[in-house]
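[1] When you get a sec, could you give me coordinates for this:
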Amino acid sequence: MTSEIVPGRLSVPSLSALAAFEAAARHGSFTRAAEELNLTQGAVSRQVALLEQSLGLSLFERVKQRVSLTPAGAAYAAEVRDGLSRLAAATLSAMAFRGAAGLLHLAILPTFGTRWLIPRL
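    This is a model prediction of the structure:
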């Protein structure tokens with residue numbers, strides 16, 4: 001019996017948990033991640049804890065007031081960062097269309113349009 005990944009059946013963590021993890025991994029601090037995301041430090045910590053629980057592994061080593069990525073956390077952070085960057089780029093690309101199919105609307109003075117812009121088009 002083969003174990004095959006079926007799209008839609010894989011449990012994907014929430015984007016908020018992934019964003020909290022990525023920010024914490026980049027900053028090496030739940031507090032700085034919270035400041036960046038406009039959340040509390042406790043909220044970031046909870047998101048990361050839920051992510052770790054759903055993955056079944058520790059992403060951070062917690063020693064006193066400091067956190068550092070585990071080897072698995074560092075590898076996962078790189079992949080998550082790439083995935084979030086690709087989602088952001090896809091979103092910007094989709095927003096660029098806005099259903100106008102490449103139309104550009106200009107509001108210009110008629111004199112400027114007829115004497116300068118139209119001859120240059």
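
[2] who touches residue 74 in this structure?
    Residues near residue 74 by Cβ atoms under 8 Å, 6 or more residues apart in numbering: residue 25. For the C-beta atoms, the positions are set from N, CA and C on the backbone; glycine is no exception.

[3] Check the spacing between it and residue 82 real quick.
    Residue 74 is 13 Å from residue 82, where distance means Cβ to Cβ, to the nearest Å.

[4] Now do the residue nearest the centre of the chain against residue 62, distance only.
    The centroid of the chain falls nearest to residue 84 when counting by Cα atoms, centre = their mean (3.4 Å). Applying Cβ to Cβ, the value for residue 84 to residue 62 is 23 Å.

[5] What pLDDT is listed against the residue nearest to the centre of the chain?
    Note on residue 84: pLDDT of 94.

[6] Can you get me a residue count around the closest residue to residue 27 other than its chain neighbours?
    Nearest residue to residue 27 in three dimensions, chain neighbours excluded: residue 33, at 5.2 Å (Cβ to Cβ, 6 or more residues apart in numbering). Using other Cβ atoms under 10 Å, residue 33 has 26 neighbouring residues.

[7] May I have the phi/psi pair for residue 33?
    phi -60, psi -40 (degrees, to the nearest 10).

[8] State whether it and residue 20 are indeed in contact, as I suppose.
    Yes: assessed by Cβ atoms under 8 Å, residue 33 is found in contact with residue 20 at 6.2 Å.

[9] now the strands for this structure?
    Taking DSSP state E to define them, one finds strands in the chain at 60-63, 66-69.

[10] Okay, now the unreliable bits of this structure?
    Where the chain drops to pLDDT under 70, the residues are 1-10, 98-103.

[11] now do 90
    The model of the chain has pLDDT under 90 over residues 1-12, 62-66, 92-121.

[12] in it, which spans are helices?
    15-27, 30-37, 41-55, 71-97, 110-112, 118-120 (DSSP state H).
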